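Trainee: sequence? don't have it. structure:
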C-alpha cells in the first residue's frame, strides 16, 4: 500500500470542481434556454448596458481596493474551478507515501521525477525542495508557515473583493435602468418606442442580478469554503515535509496527521 | 418504573414532528386553496419558470458548496420531520432504564433484541455495541465524542446550505421575472398578450418567495433549533453508555444526567 | 413606613402596561379611523387574504420552532400587557416590608392571607412557601435560581418566535399579493375588474405590514426590554426570601438590595 | 491665565450645536423650497396622513419601550442641539481654573456666585456642592460615578428609542400608502380622482422617509457621537471635584487630566 | 545600494493612486457616455434635484457628526487619491537608507536638504526633527505614537462619515422622487407633462444611487483598506527614527523592520 508508485498517478488528473462547473454552467444553460424559448435571445444583448454593468462593477470594485488586489483575485478565483489537491485525506495519503519512499530510497532520490510530479502543489513542492537541500527544520517551518499565511490572506482578500463586486453589480444595474427610464420618459409621445426602451432599460438590472447571483456570490462562498480545506491540506504538507526532513518513521507521521484530521477522514496506511 | 420493558415500546412510534409537518403542510394547503379559489390553479404552473427557479437555486447553491455538502443536507433535512429521540427527558429515562436492565441481567443479555430496538438512535446503538464488546472507556468516549462532533458539523453545514438557498431563490425569481418582462416589452403592440405574459413573468418571483419563505428558511431555523436538543440527547447517551460500560449504579447515572438537564426536565426514577 | 399593611394594597391593582396598551391600541384606532375616513372599511376585510397572511405566518412560524415553543410564546406575550411587579424599587420595598413583618410576627404568621396576596408573583410566592416550610437555604437558592433561569429562557425563546413571525408576515403578504396579481393579469380583458382585483391583491401586503410593524416587532422589543427588569426583580425576591429564611435583620437586606439596584432607584426604609 | 474670571465668561454662551441646527434646519429649508418650486406646497399637507405616520410612529415606539423611556428620550434629545460643555479641552481648563481659585481663595468662597455659574453643568455643580459641604471623598466619588453611569444609560436608551422610531416611521408610511392605494383602486372608474388619490397615498411614504432620514437617524447618530465626549467631560469633572475636595495642587490635577485627554487636546496652564 | 542619494529620488514622484483615479474616473466616463448615447445629456441635469440630493446628503451627514468631523473627512479623503508613501517595503528601504546616511555622515548633517525632502511624510519628518534636536527616546516614542493614534482615529471617523453619507444619499434621492411624483400626480390631466415630470422625479433617485455607489462607498472602502498600510508604514518610521536617535547599527534596524513586515515583502539591504 505504502509504495511510491501511488504518487505519479495523481497529478495526471487535472480535476475540475464539478460543483462549481456544473452549478454555474448549468445555471447559464438554464437561463440561455429561457431566453431562446421566449423568442430571440439577441434582444437580451445590448452593448452599452453590458459596458455599464460589467465595466462599472469592475472599475468601482478596483477603486475600493487596488490594482494588485483585483489582479490577485482573478488568479485566486481560478482555484475554485480546480478540485484536485483539496481533499485532506488524499493529501495525507500522499505525504505518507512520500515519507515512506524517502525513507526507503533516501531523500536525494526524490529530486528528479518525484519532485516534478508535485508541481501542482506549490507548498509541498517548495517544502520538499528545501528538505532535499538540507535546509534546517526551523527555517523550513518558518518559510512554509509564511507561505500558508500568505495563501490564507490572498483568499481572504479575494473573497472580500468578490463580496464587494456582488454588492456593486446590482447598484450599477439600477443606475443603468434609471438612465434608460429617464431617457424613455422624455419620448413618451412615441408609444411604439416605450416597450423596447423599457426592455433595454431593464437589461442592466438583469445583468446586475446575474453577475451578483450566479457569478460573484457563489465564487465568494466557494472560496471561503475551500479556504478551510486548503489550510488543513497545507498543515498536513507541513507536517509531512518536516517529518521527511527529520527522516522520521512514517508511522509517527501518520499518527501526527490523524490528530489534525477530522474523525472519519483518518488514514491507516500502516496499522 | 425502572423496568426494561419500557424500552421496546418507544422505537415503534415513528414520531413525525407535528410542528414541521402541520406548519409546512398547512401553509401549502392554504396557498393551494387560494389558487383554486381564484379560478384555475393551472395558471400558476409554468414549467420553464419552475426550472429556472428550482433548478437555478439548486445549481447555484451547489456551486457555493460541494456536491457532498448538498447531498448531506438532503439527508440531514429529513431529520427535521422526525420528532422521536429528540426529547432530552425521554432520552434520560431510556438510558436509565437500559442501565438498570444491564445491571440486573448483565451486559451480554442486551446484545440481541434490545440492541435491535435502538437502531433508530445510531449514537446510542454504536455506544452500547462498543460497551458490550468490552471496548475500553477512553476509546468509547473518544469515538462517541467524534460522532457527536461530526453530527453537529453536518447540521451546521446543512443549515448554512439552506440559508444560502433561501438567499438565492428570490434572486433567481427576480432574474426569471426580468427575463419575462423584457420579452413582454418587446411585444407591447399586441395588448391581448400583455396580461398573460406579465402573469407568467411574475410566477418566478412567486416561486422564489415560496421556496425561501415556506421551504428553506423554516427548515434552516428548525435544524438550528433541533441541533441544541440533539447535542443534549447525545451527551445523555454518552453518559449512559459510559456508566453501563463501568457497570455503575444507575442511581449515580441519574444524578449525572440531572446535572446536565435543564431544571424542570429532571428525572427521578429512583428517588 | 415598614409596616406589613403596605403589601395587601398592591396586588389589588391589576396594573396594565399603559405603553403597550395605549401604543398598540392607539395605532389600531388611528388606522381604523383612516380606513373609515376613506369610505367603507369593509373593503379592507377579505377572508382568504386574512387566512393566508395570519394563518400562513402562524403555521410557518410553528414549523420554524415547535408547538410548545409557540404555545409558550402566547403565554409569555400576555406579560407584556401587565405592568405590575416589574418595578425594581417597588419589589425592593415589598420584600423589605415582608422581611420586617416576618421578623416582627414570626415566619409562620405569613402562611395564610399574606402568602395568598403574593399569588401574582410566582417566584416570590414559591420562595416564601419554601422558606415557611423550613427548606434549607442552599436548596431554596438552587430552586429559585432554576426558576429564574427558566423564565429568562422562556422570554428569550418567545422573543425569537416573535422576531421570526415579524420576518415571515411580510413575506406571506408578498406571496398573497403575487397570487392576486397573477390572477388579475389573466383577466385584463375586463377593465372594470382590474381596480378591485388589485385592491384585494394589495390587502395581503397590508396585513403583512400591519402584523410585522404593529404587532410582532413591538411585542418582541417590549419582551426583550422587560426581561432585564424581570431578572432584577427576581434577584431582589431571591435576596429577600433568603434573608427571611435566615431571619436576618431587614436593615441588612436593604443594604444587599441597594447594592443591586441602579443608583437613583435605591430605597431607604430604615435609614 | 489661571485666574478665576475665566469661568463666568463661559456659561453666558448658550452654545447651539451648529452641525445639528444647520444640518437639519438646512435640509428642511431645501425640501420646503423644492415643494414651493413645484407649485403649491399645500398639496403636501394631509392631516390624516400626518396623524398615521407621526402618531403611529410615536405610539408604536412607545409600545416597544415604556412611557418613561420615551419621555426621557425627548429630554435627552434636546442636548443634541446644545454645543456648550461638551468640549473636553474647555472642560479641562474650567476645572483647573476652579481648582486654582479654590486653592487661592478657599473652598467656602466658591459657594455663592461661582456655584451659580455652573448650573448648566449638573455633574460639576453637584460635585462642587458636595465638596464644599465637606462630603468625604469616597462618597463624592461614588455619587458622581452613579450620576455618570445614569447619564450614559439615559443616552444609550434614548439612542435605542430613536433607532427604533427610524425603523417604524417608513413602515407606518408604507401602511398609509397601502391604505390609500386600496381606497383609490376601488374608484378606478373615475379617472379624474386617480392622480390626486395616488398623490395623497404617497404622502405617508414621504412623511415616513422624512422622519427616518432627517429626524430620527441623525439625532440617534449625534447622540451616540456626543455620548463619548460627555463621558470624557464627566471624567474630567470627577477628577477636578475630587482634587478640589482634597485641596490638591492644581498642577497635579493638570497632569491627571492630561493623562485622560487625547494627544493634541492636552492643556498646559502651568507648565 | 545603501547610499543616501536614493532618498531624494522618491518624493519627486507625486504618485496618484491609479485604482482610485481609474476606477472612479472610468466609471464617470462610462456613465457620461451612456447619457450622451441616449441623446441629450442635459436632460440629466436638474438644479433643484442636485441641491436636494447633494446638499441634503451633506447637511444631514453633518448633523449626524460635527462640522470638524466633516471638514476632517474632506482632508482625509484626499489621501485616497495619493499612492506614494503607502508601500511598506518602500518605507522600509527609505528608513534603512536614512539610518545608514545618518551613521556615515552624522545626525546633524541630515538637517537641511534631507529633512526638506521628507515633507510629504509628516510622521517621518517630525520624528527625524525630534531625533536631530536630541529629544530623549521615550518622548519621541510617545509623541510619534500619539500622532499615529490620531491618524488612525481621523481615518476611522472619516470612514464612518462616508458610510453614513452612502446611507443618506439614496434616502434623499427617494425623498426627492416622492416630491416629484406627488407634484406630477396633481397634474395628470395634462398627459404631455407626465413623461418629463416622471423623468425629473427619477433624477434624484439617480443622483442618490450615483453618490452612494460610485462616490461614498468606494472612498470609504479604500480608506479602510489604506488605513492598515498606513499604520504599518507608521510603525516602520517609528522603528527607524528611534534607531537613528540611538545611533544603532542599520543592520539591527533591518532585522527589526523585517519582523513587522509580512513575509514576501521583507527587505535585504545588507545581507
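Mentor: Structure's in. What do you need? Please read these numbers as outputs of a predicted model, since none were measured by experiment.

Trainee: which residues touch the residue of chain A at minimum distance from chain B?
Mentor: Among the residues of chain A, residue A:23 lies nearest to chain B; the distance is 2.7 Å by Cβ to the nearest Cβ. The C-beta positions use only the backbone N, C-alpha and C, and glycine is treated the same way. Contact criterion Cβ atoms under 8 Å, 6 or more residues apart in numbering or on different chains gives A:218, B:59, B:60, B:61, B:62, B:63, B:64 as the residues in contact with residue A:23.

Trainee: at 7 Å instead, please
Mentor: Listed by Cβ atoms under 7 Å, 6 or more residues apart in numbering or on different chains, the contact set of residue A:23 reads A:218, B:59, B:60, B:62, B:63.

Trainee: among those residues, which one lies nearest to residue E:268?
Mentor: Residue E:268 lies nearest to residue A:218 out of the contacts of residue A:23, by Cβ to Cβ, at 41.8 Å.

Trainee: the closest one touches residue B:64, doesn't it?
Mentor: Yes - the pair residue A:218 / residue B:64 is scored as a contact, 4.7 Å apart, by Cβ atoms under 7 Å.

Trainee: residue ranges of the helices in the stretch 51-200 of chain A, please?
Mentor: Under the criterion DSSP state H, counting those that start in this stretch, helices of the stretch 51-200 of chain A are mapped to A:56-64, A:67-78, A:88-105, A:113-117, A:122-132, A:137-185, A:191-211.

Trainee: just the ones you listed: most buried one?
Mentor: For the helices of the stretch 51-200 of chain A, the largest average neighbour count (mean count of other Cβ atoms under 10 Å in any protein chain shown) is found in helix A:56-64, namely a mean of 26.

Trainee: contact partners of it?
Mentor: Contact partners of helix A:56-64, identified using Cβ under 7 Å, 6+ apart, comprise A:70, A:161, A:164-165, A:168-169, A:172, A:211, E:19-20, E:22-24, E:26-27, E:30, E:213-214, E:218, E:221-222.

Trainee: one more: stretch A:221-236?
Mentor: For stretch A:221-236, the external contacting residues (Cβ under 7 Å, 6+ apart) are A:20, A:76, A:80, A:85-86, A:88, A:91-92, A:95, A:123, A:148, A:151-152, A:155, A:158-159, A:162, A:257, A:260, B:63-65, B:164.

Trainee: and it, what's buried?
Mentor: Neighbour counts over stretch A:221-236 (16 or more other Cβ atoms under 10 Å in any protein chain shown) mark A:221-227, A:230-236 as buried.

Trainee: closest to residue E:194 among those residues?
Mentor: Of all these, residue E:194 sits closest to residue A:221, with 44.3 Å by Cβ to Cβ.

Trainee: and what about that closest one, helix, strand or coil?
Mentor: Assigned by DSSP: H, G, I helix; E, B strand; the rest coil, the conformation of residue A:221 is helix.

Trainee: state the distance from it to residue E:88.
Mentor: From residue A:221 over to residue E:88 the distance is 31 Å, taken as Cβ to Cβ, to the nearest Å.

Trainee: what's the spacing between residue A:236 and residue A:243?
Mentor: The span separating residue A:236 from residue A:243 equals 11 Å under the rule Cβ to Cβ.

Trainee: circling back to that earlier point, let me have the helices of the stretch 51-200 of chain A in TSV, extended by distance to residue E:39 and mean pLDDT.
Mentor: Output for the helices of the stretch 51-200 of chain A, formatted as TSV (distance: least, Cβ to Cβ, whole Å; pLDDT from 0 to 100):
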stretch	distance to residue E:39	mean pLDDT
helix A:56-64	20	95
helix A:67-78	34	91
helix A:88-105	59	90
helix A:113-117	62	79
helix A:122-132	54	89
helix A:137-185	6	92
helix A:191-211	11	90
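
Trainee: any idea which of the ones you listed gets closest to residue E:135?
Mentor: Of all those, helix A:137-185 sits nearest to residue E:135, with 36.6 Å by Cβ to Cβ.

Trainee: return the distance of that closest one from the chain's centre.
Mentor: Helix A:137-185 has its average C-alpha position 12 Å from the chain's average C-alpha position, going by Cα atoms, centre = their mean, to the nearest Å.

Trainee: do the same with stretch A:249-264
Mentor: 27 Å.

Trainee: can you read off the pLDDT for the residue of chain A at minimum distance from chain D?
Mentor: Of all residues in chain A, residue A:188 sits closest to chain D, with a separation of 15.9 Å (Cβ to the nearest Cβ). pLDDT, residue A:188: 75.

Trainee: same deal with residue A:52?
Mentor: In the prediction, the pLDDT value recorded for residue A:52 is 94.

Trainee: do residue A:5 as well
Mentor: On the pLDDT scale, residue A:5 gets 39.

Trainee: can you tell me the SS state at the closest residue to residue A:149 other than its chain neighbours?
Mentor: Excluding the flanking residues, the one nearest residue A:149 by Cβ to Cβ, 6 or more residues apart in numbering or on different chains is residue E:263, at 6.8 Å. Look at residue E:263: counting by three-state DSSP, its state is coil.

Trainee: what is the burial count for residue A:81?
Mentor: 15 (other Cβ atoms under 10 Å in any protein chain shown).

Trainee: from residue C:55, how far out is it?
Mentor: Using Cβ to Cβ, residue A:81 is found at 46 Å from residue C:55.

Trainee: now swap in residue A:253 and tell me
Mentor: Here the criterion is Cβ to Cβ. By it, residue A:253 lies 62 Å from residue C:55.

Trainee: more crowded one of these two?
Mentor: Here residue A:253 and residue C:55 are compared on neighbour count by other Cβ under 10 Å; more neighbours surround residue A:253, at 26 against 16.

Trainee: which element is that one on?
Mentor: With elements delineated by DSSP states H and E, residue A:253 resides in helix A:250-260, which encompasses its position.

Trainee: compute the inter-axis angle for that helix and helix A:88-105.
Mentor: 160 degrees (axes from the mean of the first three to the mean of the last three Cα atoms, to 10 degrees).

Trainee: give the buried residues for helix A:250-260.
Mentor: Along helix A:250-260, these residues count as buried under the neighbour rule (16+ other Cβ under 10 Å): A:250, A:253, A:254, A:257.

Trainee: other SSEs contacting it?
Mentor: Other elements packing on helix A:250-260 under the criterion 3 or more Cβ pairs under 7 Å, 6 or more residues apart in numbering or on different chains; DSSP states H and E are helix A:88-105, helix A:217-245.

Trainee: how far does the last one sit from its chain's centre?
Mentor: Here the centre of helix A:217-245 is set off from its chain's centre by 11 Å, with Cα atoms, centre = their mean.

Trainee: for the record, mean pLDDT for that helix?
Mentor: Here the mean pLDDT over helix A:217-245 is 92, rounded to a whole number.

Trainee: relative orientation of that helix and helix A:191-211 in degrees?
Mentor: Between the axes of helix A:217-245 and helix A:191-211, defined by the same axes, to 10 degrees, the angle is 20 degrees.

Trainee: for the residue of the stretch 1-150 of chain A found nearest chain C, give me the pLDDT.
Mentor: Nearest to chain C in the stretch 1-150 of chain A, going by Cβ to the nearest Cβ, is residue A:38, at a distance of 16.8 Å. If you check residue A:38, the pLDDT there is 77.

Trainee: distance to residue B:136 for the helices of the stretch 51-200 of chain A - can I get that in CSV?
Mentor: As requested, those are exported to CSV (distance: least, Cβ to Cβ, whole Å):
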stretch, distance to residue B:136
helix A:56-64, 57
helix A:67-78, 47
helix A:88-105, 26
helix A:113-117, 41
helix A:122-132, 37
helix A:137-185, 35
helix A:191-211, 57
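
Trainee: nearest approach to residue D:34 belongs to which of these?
Mentor: Judged by Cβ to Cβ, the one of the helices of the stretch 51-200 of chain A that comes nearest to residue D:34 is helix A:137-185, at 18.1 Å.

Trainee: tell me the angle of that closest one relative to helix E:217-245?
Mentor: Between the direction of helix A:137-185 and that of helix E:217-245, the angle (the same axes, to 10 degrees) works out to 150 degrees.
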